[in-house]
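Turn this into a model:
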Amino acid sequence: MDLDAGAKTNRSPRIAVIGAGMSGILTAIKLQEAGITDFTVYEKADRLGGTWRENTYPGLSCDVPSHMYRYSFEPNPEWSHRFSPGAEIQAYFEAVAKKYNVESFIKFNSEITRAAYRDGKWHLEIGAESGGESGGETVDVVDIIISAAGVLHHPVYPDIAGLDDFAGTVFHSARWNHDAPLDGKRIGIVGTGSTAVQITADIVSRVAHLSLFQRTAQWIFPQENPAFSEDEKNLFRSQPQAMDDLHASLTRLFADTFGQAVIGDKEQMKRVEDACLANLEDNVRDPDLKARLTPDYQAACKRLIVSDGFYEAIQQPNAELVTTPIDRVEAGGVRTRDGRLHELDVLVLATGFDGHSFMRPMDLIGKGGVDLKDVWAEATQAHRSISIPGFPNFFMLVGPNSPIGNFSLIDISERQVGYIMQLIELWRGGAVNEIAAKQDAADRFNAALKEAMKDTVWVTGCQSWYLDKNGNPAMWPFSFDRFCDDMAAPDLEEYELVSQSSSGL
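Modelled structure (predicted):
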């Protein structure tokens, strides 16, 4: 069967989109472009934006260049810097959503807690805790679900004894307490990932003392973040093609360098490591501090950090890198295993997110009562990151093994949406009522991923949020071009296609 099969009837599907972040906004736009308006975007919060709504910490910025991190159909000549501040990105998504009338399709404060497939439909329930009036009852019955729940939205809290005993203010970086005073205060930050690095560089000049509690040294790639001049902005305003050309060149450069380094190109990896080590050597003076900031694992095994200000910040007289492990938190601060109490007024937990929950904790019950918790008990897997066998008409954006550590997430989502829309068009044609990946196709795909993963940086021995509980990297071990080719069009031989007559509808 080809994608045009049965295109005569042009049925109109009822669709639920889960999440109003970058991918959910994109999906709402593409559904409208296809003439589909019978859909609802369910958002657990009271505002769109996803991770850019959740994170508001000082120093927040994207680590993908601004003109690479945007919708292809909405270039933005007004970006202020090479790497955009978080507030600008949030404002960009809000402006795009307004332009394309996305908010009229969003149901805010509505977290879908359960979705069950029966009688050829998905039955959705909303949680009472999200503000819905009918918690635990069916709030929608739809033909198709598109999960745009995102990856980094479930904060991970460290297992440190005594956190509740702290007399000061403690919060996760993704739940930043803007009422907590920083100026002239003693601040502790647990973690040394991108978030901690950005916060440190931003606030060190404001605080009385900053203690950065490091468990693992990080590879830090030197990259300045200059402001765009008015001349550059005027060029982008008058010649939009210049933005497209810049997007294309950045994408190609990223794919051919870092994108190849992480999947086994040793020459490209050496260039990355050499740049990071030169950055450390040139910018950290004290030999002891330099040694403690030197990683003992391969670059990009954890997410590579891009920063031009961290090394300067951590060497300020009021800053201290603490590498002695934490023993516990007490009322007055953090006590390390050497017995020292680091006295603090504010403790920030920059300890990241669970990158493997996807749409969970939503309960997802597929055909015949199959439970996603059982399907994903050993590993989070999907066919081409999009479809799960046994879960008809359920599609994911930025699902397992999407190339989230390699490329612009917006570019990834656009290509995945294009793929999903082709499957939806097949459903609209009328000849097919259920679409789900075949088990054998998914097994072959995931076996190929596992084999290719052996050559990647993510299995070289470090611990990172890229790995699930069983040590499986939910990453993309192939090239950017391979991903583009895979997303160009579905191979329908890989899908279980059930007609209306076969499904009894």
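
which stretches of the stretch 101-250 of the chain have low pLDDT?
For the stretch 101-250 of the chain, the stretches with pLDDT under 70 are 128-136.

As a check, name the ranges of all strands in it.
Along the stretch 101-250 of the chain, the stretches classed as strands by DSSP state E, counting those that start in this stretch are 106-107, 112-118, 121-126, 138-142, 144-147, 169-172, 186-190, 209-213, 220-221.

Direction included, what does the last one pair against?
Sheet pairing here is set by DSSP bridges, and for strand 220-221 it gives strand 305-306 (parallel).

repeat for the fourth one
Paired neighbours of strand 138-142 in the sheet (DSSP bridges): strand 121-126 (antiparallel).

same check, this time on the first one
Using DSSP bridges, strand 106-107 pairs in its sheet with strand 39-42 (parallel).

Only C-alpha atoms, please: export the next helix or strand along the chain from the partner strand in PDB.
Toward the C-terminus, strand 39-42 is succeeded by helix 51-54 as the next helix or strand (DSSP states H and E). Coordinates of each C-alpha in helix 51-54 appear next as PDB, following Å, rounded to 0.1, in the frame of the first residue of the first chain:
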ATOM      1  CA  THR A  51      11.400  23.700  28.800                       C
ATOM      2  CA  TRP A  52      11.800  27.400  28.100                       C
ATOM      3  CA  ARG A  53       8.800  28.100  30.300                       C
ATOM      4  CA  GLU A  54      10.000  25.700  33.000                       C
END
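
tell me which residues of helix 51-54 are tucked away?
Along helix 51-54, these residues count as buried under the neighbour rule (16 or more other C-beta atoms under 10 Å): 51-54. From N, CA and C alone the C-beta is placed, and that goes for glycine too.

so how far is that helix off the chain centroid?
Here helix 51-54 is found 10 Å from its chain centre; the criterion is C-alpha atoms, centre = their mean, to the nearest Å.

which strands and helices sit next to that helix?
helix 86-99 (3 or more C-beta pairs under 8 Å, 6 or more residues apart in numbering; DSSP states H and E).

Please identify the buried residues of the helix it packs on?
Using 16+ other C-beta under 10 Å as the test for burial, helix 86-99 gives 86, 88-94, 96-97.

Mind listing residues that contact that helix?
Under the criterion C-beta atoms under 8 Å, 6 or more residues apart in numbering, residues 20-22, 25, 28-29, 48-50, 52-53, 55-56, 60-62, 69-71, 74, 76, 79-80, 84, 102-103 lie in contact with helix 86-99.

Can you show me the strands along the stretch 301-450 of the chain?
Taking DSSP E, counting those that start in this stretch as the test, the strands found in the stretch 301-450 of the chain are 305-306, 319-322, 326-330, 333-336, 341-343, 346-349, 363-365, 394-396, 434-437.

For the residue lying closest to Trp176 once chain neighbours are set aside, grab phi and psi.
Nearest non-adjacent residue to Trp176, counting by C-beta to C-beta, 6 or more residues apart in numbering: Tyr57, 4.6 Å away. When read as degrees, to the nearest 10, the backbone of Tyr57 gives phi -70, psi 160.

where do the helices sit along the stretch 351-500 of the chain?
372-375, 409-428, 439-453, 480-488, 500-503 (DSSP state H, counting those that start in this stretch).

wait, which of the ones you listed is closest to Asp164?
Closest approach to Asp164 among the helices of the stretch 351-500 of the chain is made by helix 372-375 (29.5 Å; C-beta to C-beta).

Alpha carbons only: can I get that closest one in CSV?
Coordinates of each C-alpha in helix 372-375 appear next as CSV, following Å, rounded to 0.1, in the frame of the first residue of the first chain:
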residue,chain,number,x,y,z
LEU,A,372,3.5,0.8,28.2
LYS,A,373,5.1,0.3,31.6
ASP,A,374,5.5,-3.4,30.7
VAL,A,375,6.7,-2.7,27.2
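
Low-confidence stretches in this structure?
Using pLDDT under 70, the flagged stretches of the chain are 1-9, 128-136, 406, 501-505.

Next, the contact list for the residue sitting nearest the centre point of it, please.
By C-alpha atoms, centre = their mean, the chain has its centre lying nearest to Val151, at 4.1 Å. Applying C-beta under 8 Å, 6+ apart to Val151 gives the contacts 353, 355, 358, 398, 404.

domains for the chain, by residue range?
The chain breaks down by automatic domain parsing into domains covering 15-48+102-154+354-503, 163-227+233-349.

Just say which of the ones you listed is most tucked in.
The highest average neighbour count among the domains of the chain, using mean count of other C-beta atoms under 10 Å, belongs to domain 15-48+102-154+354-503 at a mean of 19.

How far does it sit from its chain's centre?
Averaged C-alpha coordinates place domain 15-48+102-154+354-503 at 14 Å from its chain's average position (C-alpha atoms, centre = their mean).

Switch the buried residues of helix 86-99 over to CSV; also include distance to Val190.
Formatted as CSV, those follow (distance: C-beta to C-beta, whole Å):
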residue, distance to Val190
Gly86, 21
Glu88, 27
Ile89, 25
Gln90, 25
Ala91, 30
Tyr92, 31
Phe93, 29
Glu94, 31
Val96, 35
Ala97, 34
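
any idea which of these is closest to Arg303?
Nearest member of those to Arg303, counting by C-beta to C-beta, is Gly86, at 16.5 Å.

Next one: that closest one from Arg360, what distance?
Using C-beta to C-beta, to the nearest Å, Gly86 is found at 25 Å from Arg360.

wait, Lys302 sits on Gln218?
Yes: counting by C-beta atoms under 8 Å, Gln218 is a contact partner of Lys302 at 6.9 Å.

Common neighbours of these two, please.
Gly193.

got the contact list for Glu230?
Per C-beta under 8 Å, 6+ apart, neighbours of Glu230: none.

With Thr251 instead?
If you count contacts by C-beta under 8 Å, 6+ apart, then Thr251 has 68, 407-408, 411, 480 around it.

Is it correct that it falls within a helix?
Yes: under DSSP: H, G, I helix; E, B strand; the rest coil, Thr251 sits within a helix.

Identify the residues contacting the closest residue in space to Ala227 that isn't next to it in sequence.
Excluding its sequence neighbours, the residue lying closest to Ala227 (C-beta to C-beta, 6+ apart) is His81, at 5.3 Å. Contact analysis of His81 by C-beta under 8 Å, 6+ apart lists 61, 66, 225-228.

was I right about Gly21 contacting Gly150?
Yes: in this structure, Gly21 is within contact of Gly150 by C-beta under 8 Å, at 4.9 Å.

Name the residues contacting each of those two.
Common neighbours of Gly21 and Gly150 (C-beta under 8 Å, 6+ apart) are 50-51.

Of the helices of the stretch 351-500 of the chain, which is nearest Ser173?
Distance to Ser173, taken as C-beta to C-beta, is lowest for helix 409-428 among the helices of the stretch 351-500 of the chain, at 19.2 Å.

Now Val190. Nearest residue, chain neighbours left out?
Going by C-beta to C-beta, 6+ apart, Val190 has Phe213 as its nearest residue, at 4.8 Å.

mind listing what that neighbour touches?
Phe213 neighbours (C-beta under 8 Å, 6+ apart): 188-191, 322, 326, 334.

For Tyr42, state which of those residues is nearest.
The closest of the contacts of Phe213 to Tyr42 turns out to be Gly191 (C-beta to C-beta; 31.1 Å).
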